[in-house]
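>>> Predicted model and sequence below, questions to follow.
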Amino acid sequence: MTSVLCLVETDDDGIVEASRRALTVARRLADSDGSTLGAALVSSRPEAVVGELGAYGVADAHAITLNGVTAFAPMAWARALLELAASTEASAVVAGGTDRGNEVLAYAGAFSAEPMVANCVDAARTSTETVAVTRQRWAGSLIEESVLTASRALFTVAFDGVTAEPAPGSVATNVLDVAYDVDLVDRAVEVAEWTRRSGGVALAEARVVVGGGRGVGSAEGFAPIDELAELLGAAVGVSRVVTSLGWRPHAQQVGQTGTRITPELYLACGISGATQHLAGCQSAKYVVAINTDADAPIVARADYAVIGDLNEIIPALVEAIRSR
């Protein structure tokens, strides 16, 4: 029986949220053509997450060892993924829309001469060599429905366009070990060193985000924002102008050219709401804007707005939360 293969990324907390969402779409595709769902985990052990893989309907978890490779090497990962897809007769290979997932699938497309489609939110098999895909265009402002024609479909899943949904019924997941030798040419790009992110919540996966814009006034002005975020267990996000001014790092930028967020609550403080920023927060469930300008674009987008000086409102919020 053919399968749909999903590249699954993990961290110390288990399966990363982007991979849960990718598994959700991969399972829909597998169900549409009667395939089984398989997972590929490179340089990580699936035993720690086998229960969760089963909850998402994964029948087989392939633990891939790349001989001679100890860190992320996108070309080596892509070669191994294609070899596994061939041996399992996978009709499609899916990955989360992370930097890593997009890079690996792009290499896989180049190596196999098959088209790779990014930013998908749904997929269904329509014939032996065609898959109907729904994907985001223009930062999610346009939803495109198209047909992917390929002997093996390759696509990544838009993080902010899909909600992770476990399967209706859990299955028993088989863990299978597989090893591949790596050609030297496929190690041309390889992570040489990495540093663990210190504390805090990952912006892309945060349930609450406290954002700050030009209205914060300065790099030092972010102290109350940081304090509020810590109290709420939230991540800090910023507008593009804040990173351009050098007040905060680009890793905290919310927007079309930054991180696209999907929190339950986005508290936007002193952010006017440029188009590219709104594209990055449009999937937030609730938006609360704090701004002195009642006509700011972010206020029109917000579910709730507080018109006033954030330098008075944020400390008052902090005090109220601390008192409780």
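Yep, that arrived. Residues are numbered from 1 along each chain as shown.
>>> Surely residue 210 is in a strand?
Yes: assessed with DSSP: H, G, I helix; E, B strand; the rest coil, residue 210 lies in a strand.
>>> how many other residues sit next to it?
30 (other C-beta atoms under 10 Å). C-beta coordinates here come from the backbone N, C-alpha and C atoms, glycine included.
>>> Helix or strand: which one has the residue nearest to it when sequence neighbours are not counted?
Once flanking residues are discounted, residue 210 sits nearest to residue 229: 4.3 Å by C-beta to C-beta, 6 or more residues apart in numbering. Here residue 229 sits within helix 223-232, counting by DSSP states H and E.
>>> neighbouring contacts of that helix?
Around helix 223-232, the neighbours that count as contacts under C-beta atoms under 8 Å, 6 or more residues apart in numbering are 208, 210, 212, 216, 234-236, 267, 269, 311, 314-315, 317-318, 321-322.
>>> From those, list just the buried residues.
Among those, the ones that count as buried by 16 or more other C-beta atoms under 10 Å are 208, 210, 212, 216, 234-236, 267, 269, 314, 317-318.
>>> can you redo those residues as CSV with pLDDT, secondary structure and distance to residue 49?
Listed next are the buried ones among the contacts of helix 223-232 as CSV, based on pLDDT from 0 to 100; DSSP: H, G, I helix; E, B strand; the rest coil; distance: C-beta to C-beta, whole Å:
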residue, pLDDT, secondary structure, distance to residue 49
208, 96, strand, 25
210, 97, strand, 30
212, 97, strand, 35
216, 96, helix, 39
234, 94, coil, 26
235, 94, strand, 23
236, 96, strand, 29
267, 97, strand, 32
269, 97, strand, 37
314, 96, helix, 38
317, 94, helix, 37
318, 95, helix, 37
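>>> Find the pair from those residues with maximum spatial separation.
Maximum pairwise distance among these (C-beta to C-beta): 17.9 Å, between 208 and 216.
>>> For residue 1, give me the pLDDT.
pLDDT for residue 1: 53.
>>> Tell me who's in contact with residue 68.
By C-beta under 8 Å, 6+ apart, the contact list for residue 68 reads 181-182, 187.
>>> Can you flag the buried ones in the residues you listed?
Buried subset of the contacts of residue 68 (neighbour count, 16+ other C-beta under 10 Å): residue 182.
>>> So which of the contacts of residue 68 belong to strands?
residue 181 (DSSP state E).
>>> Adding distance to residue 263, write the contacts of residue 68 out as JSON lines.
Listed next are the contacts of residue 68 as JSON lines, based on distance: C-beta to C-beta, whole Å:
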{"residue": "181", "distance to residue 263": "43"}
{"residue": "182", "distance to residue 263": "39"}
{"residue": "187", "distance to residue 263": "38"}
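>>> least confident pick among the contacts of residue 68?
For the contacts of residue 68, the minimum pLDDT belongs to residue 187; the value there is 89.
>>> Surely that one touches residue 71?
No: contact criterion C-beta atoms under 8 Å: residue 187 and residue 71 do not qualify, at 9.9 Å.
>>> any idea how far residue 55 is from residue 154?
Remark: distance between residue 55 and residue 154 (C-beta to C-beta, to the nearest Å) = 25 Å.
>>> my bad, residue 142
22 Å.
>>> ditto for residue 304
Separation of residue 304 from residue 154 (C-beta to C-beta): 42 Å.
>>> Fine by me, we can end here.
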